[in-house]
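# how would this look folded up:
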Amino acid sequence: MLKIKINNSEFLVKNDISVLEACKYVGISIPRFCYHETLSIAGNCRMCLVEIEKTPKPVSSCTLPVSNNMQIYTDTPLVKKARENVVETLLLNHPLDCPICDQGGECDLQDQTQMWGSDYSRFFMSKRGVEDKNCGPLIKTIMTRCIHCTRCVRFGSEIAGVDFLGTLNRGTSTEIGGYVSRIFNSEISGNVIDLCPVGALTSKPYAFKARPWELRSNESVDLTDSTGSNIYVNFKESEVFRILPKSNSEINENLISDKARFFHDSLKNQRLQKLFVKLSDSKYSSINWPDFFAQIDLLLSSNKQKKVTFLVNEELDVQSICILKAIENKYSNLVSFKSVSRGGMNKNYFVNWTNNKISEIKKASKTCFLFSSNIRLESAILNSKIRNKVVAENFNVLSFGKKFNSNFPVKFINLNTSNLLKLFEAKDMLSKFIISARSPLFCFGESINKRFSGPFSFISFLKKLNPSSILIDIKAACNTEAFGFLGVQTINSSVLSHSDIFIAINLEDNIVLRKYLLNSSKIIMWINTHGSKLASNANFIVPTVTFFEQEGVFLNLEQRPQKTLKSISGIQDSRPIKTILMSLYPDISGNSMSKNLKYLSFLNEIVEHSNLFKSLKNKFSSYNILETKFLISSNFISLYPLKATIEDFFSSNNLSKNSITMAKCSQEHKKNNNNFKIND
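Coordinates of the predicted model:
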């Protein structure tokens, strides 16, 4: 620890930090534009000037390290005058368009001008104009407002891994831009909007929609992937206007993916708003809720031996899963409850959460192995964490599976599962390297378990080979871990063939479901937020709400329970799934719920008191893949090469597929990756 003086007050601070950080830790705020905690030091805005004893002129606090017995002054007349001159210089070419700027009310330049700026200007010549850049469908640019802090440049090169922007020209002709006109091709590009201290980079979908003081805010969780990034939902009346990252050092820090930030326009586009019943002439008629339940009661009572199968995707909240399990337990002969994974039929395995922490990535030694995972598309946040480790340390990444466009150096070995197992049995140099590595990081894509049939787990196999390994099991859906934790079984062909009524809850329209349901003569109830081709074949169409319109508990890839809050109300006749289920089976009493689902209240309590999570034990899942029996049982190995489940980052679930903004991003991305370009 070092002893320093700040404004004649003594403090003890850590070694190897800057003067700006020392002042921040003791509660003294220093204005800045170019400095940011997650980026490298640039020192080019000069707004953070402070006075140091025995120095002839002010110095930038972000570049100056602290030393023992240093005396710092942050509020002297010299410092105040220096900051006033810096603000005046920044405003020389800045346009006077604050009333129409989307950054208004959240602009650092506005705040610093009000605090340190002068009430007059010595500049009377014409202002300089700069041409706007095309960054794609997400980022709107007005480069005349740019103050050249270079935050966006450093973000692209250091975090996103895309050298999209740079500093062009010199002197008064300096501007931020790219040498080649192209879009910002990154899954986390929208974070430059939060980094930009002025209105040079703003959200294109949010342009001219609302002012920050008009919006209300709620804390929530990103459910577009299994990472569970923390977010703020900004909404007004019954519409979500934007989504911002909430800092969480254990999960996403202060980043979120573009899909999480911009998919929210699907909450109002192409939504199911009314209940429909199919008539005899294949036409649909809208009905109200009492008439709907009357028809369902008549349908179930007319033949009490009809078997009902609930088909749900792995984005359903924990409470709805618990209600379905209670229904299944009470009507075990007539009702079954199955999950539908993205790739079709699969097993819901459970992994002990102690081996599956996102924060363990920083503790990994020098090696990372990816198995059947395109981590850049499956989890953009985890990809950025691994990239930071690759850039900062000697960290090697080896990928077993199909090659993908990575933003950090990766060695690819494309094998099928049979050859992959033979690789470890051969005990050659590569297998010895994996087995002997100290605390390696193993990242598994969701498709790795689909390559095996029977009670065999490749994750358990590797854990036995290297007990010190750190396991990150990446799932495509946001709540897959809850299905494994609660022991929910997946669909199979025999269940589908022996069912009379299918109740499909929030299913994603894919080729597997169309095979069984599209031309089926069985009764289908489609409960979803959006319609699809499958919905046009259903006998009943029931609108439900999204996770922004109800509360729910979800488990991310490390089995961390997190709660979403209700931000807006549902559209017209849409109702929460849990309400619909309790209305379909009103005889599921509170006693039955408490008997079968004793962990439900505990999971809700854990969300508020995360330290209780340490005592959480699995009592529902019939198997844990880290047990020995998953290594010795017979199994069938697929000969197909290892391949990730997600190919299009912007349309990975039902909500993102119905987003107009995500459709534009997907279209632009395909243009950039076209292997057969035709010259005009």
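# Now for the protein, the helix or strand with the poorest mean pLDDT.
When each helix and strand of the chain is scored by mean pLDDT, DSSP states H and E, helix 590-596 comes last, with a mean of 51.
# Pull up the gap between E131 and Y640, please.
Counting by Cβ to Cβ, to the nearest Å, the gap from E131 to Y640 is 49 Å. C-betas here are computed from N, CA, C, even on glycine.
# Look at these two and report which has more neighbours.
Neighbour count, other Cβ atoms under 10 Å: between E131 and Y640, Y640 has more, with 12 against 9.
# ok, now which ones touch the residue lying closest to the more buried one once chain neighbours are set aside?
Excluding the flanking residues, the one nearest Y640 by Cβ to Cβ, 6 or more residues apart in numbering is N416, at 6.2 Å. N416 sits next to R451, S638, L639, Y640, P641, L642 when contact means Cβ atoms under 8 Å, 6 or more residues apart in numbering.
# Filter these down to the buried ones, ChimeraX style.
Here is the ChimeraX selection string for the buried members of the contacts of N416, based on 16 or more other Cβ atoms under 10 Å:
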select :451,641,642
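# May I see the contacts of N416 organised as a markdown table, with secondary structure added?
Formatted as a markdown table, the contacts of N416 follow (DSSP: H, G, I helix; E, B strand; the rest coil):
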| residue | secondary structure |
| --- | --- |
| R451 | helix |
| S638 | coil |
| L639 | coil |
| Y640 | coil |
| P641 | strand |
| L642 | coil |
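# List just the nearest of the contacts of N416 to E214.
L642 (49.0 Å; Cβ to Cβ).
# For the closest one, which residues are in contact?
L642 touches 371-372, 400-402, 414-417, 420, 445, 447-448, 451, counting by Cβ under 8 Å, 6+ apart.
# rerun at 6 Å
For L642, the contact set (Cβ atoms under 6 Å, 6 or more residues apart in numbering) comprises S372, F400, G401.
# Which of those residues fall within strands?
Those of these mapping onto strands are F400, per DSSP state E.
# Nearest to N185 among the contacts of L642?
Nearest member of the contacts of L642 to N185, counting by Cβ to Cβ, is G401, at 21.6 Å.
# For the closest residue to the closest one other than its chain neighbours, give its distance to F547.
Of all residues not flanking G401 in the chain, L642 sits nearest, at 3.7 Å (Cβ to Cβ, 6+ apart). As for L642, its distance to F547 is 31 Å (criterion: Cβ to Cβ).
# for F485, same thing?
Using Cβ to Cβ, F485 is found at 19 Å from F547.
# what are the ranges of the strands in the stretch 551-680 of the chain?
552-555, 561-564, 636-637 (DSSP state E, counting those that start in this stretch).
# most packed of the ones you listed?
Burial among those, expressed as mean neighbours by mean count of other Cβ atoms under 10 Å, is greatest for strand 552-555, which shows a mean of 24.
# other SSEs contacting that one?
Judged by 3 or more Cβ pairs under 6 Å, 6 or more residues apart in numbering; DSSP states H and E, the packing partners of strand 552-555 are strand 561-564.
# Please enumerate residues in contact with stretch 573-584?
Contacts of stretch 573-584 (Cβ under 6 Å, 6+ apart): K274, L275, Q319, S320, I323, P543, T544, V545, Q550.
# Max pairwise distance over these: which two?
Within the contacts of stretch 573-584, K274 and Q319 form the most distant pair, 25.4 Å apart (Cβ to Cβ).
# Which residue of the two possesses the greater neighbour count?
More crowded of K274 and Q319, by other Cβ under 10 Å: Q319, with 21 against 15.
# ok but the more buried one is inside a helix, no?
Yes - counting by three-state DSSP, Q319 is found in a helix.
# So it versus A364, what's the distance?
Taking Cβ to Cβ as the measure, Q319 falls 35 Å from A364.
# now L415
23 Å.
# higher neighbour count, these two?
Ranked by neighbour count (other Cβ under 10 Å), L415 and A364 place A364 first, with 21 against 16.
# State the phi and psi torsions of that one.
With angles defined as degrees, to the nearest 10, A364 sits at phi -60, psi 150.
# Please tell me the pLDDT value assigned to it.
pLDDT recorded at A364 is 82.
# From E187, how far off is it?
A364 is 22 Å from E187, where distance means Cβ to Cβ.
# any low-confidence regions in the stretch 351-500 of the chain?
Where the stretch 351-500 of the chain drops to pLDDT under 70, the residues are 351-355, 426-428.
# quick one: the helices in it?
Listed in chain order, the helices of the stretch 351-500 of the chain (DSSP state H, counting those that start in this stretch) span 375-378, 380-392, 417-426, 429-436, 458-465, 480-485, 493-497.
# Could you give the average pLDDT over stretch 2-17?
Averaging pLDDT along stretch 2-17 gives 90.
# er, stretch 165-178 I mean
Rounded mean pLDDT across stretch 165-178 is 88.
# Likewise for stretch 74-81?
92.
# what does it contact?
So stretch 74-81 is contacted by V50, E51, P58 (Cβ under 6 Å, 6+ apart).
# ok, the residues you listed vs L215, which is closest?
V50 (35.3 Å).
# Contact partners for the closest one?
Per Cβ under 6 Å, 6+ apart, neighbours of V50: S61, I72, T74, V79.
# so which helix or strand takes in S339?
Element membership for S339 (DSSP states H and E) is strand 335-340.
# Which segments of the protein make up each domain?
2-90, 95-208, 275-348+482-615, 353-477+629-672 (automatic domain parsing).
# gap between the two ends of the second one?
By that I understand domain 95-208. 17 Å (Cα to Cα, to the nearest Å).
# can you check the first one too?
End-to-end distance of domain 2-90: 35 Å, with Cα to Cα as the criterion.
# Please tabulate the strands of the stretch 551-680 of the chain in CSV, including the columns mean pLDDT and distance to V26.
Listed next are those as CSV, based on pLDDT from 0 to 100; distance: least, Cβ to Cβ, whole Å:
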stretch, mean pLDDT, distance to V26
strand 552-555, 89, 39
strand 561-564, 88, 33
strand 636-637, 73, 60
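# for these, which one sits closest to P409?
For P409, the closest of those is strand 636-637, at 30.1 Å, according to Cβ to Cβ.
# hmm, back to that, restricted to strands, list the contacts of stretch 573-584.
Counting by DSSP E, the contacts of stretch 573-584 contribute L275, P543 to strands.
# Nearest to I491 among the contacts of stretch 573-584?
S320 (17.4 Å).
# List the contacts of the closest one.
I577, K578.
# That one and V221, how far apart?
Distance from S320 to V221, by Cβ to Cβ: 16 Å.
# now swap in E187 and tell me
18 Å.
# Okay then, goodbye and thanks.
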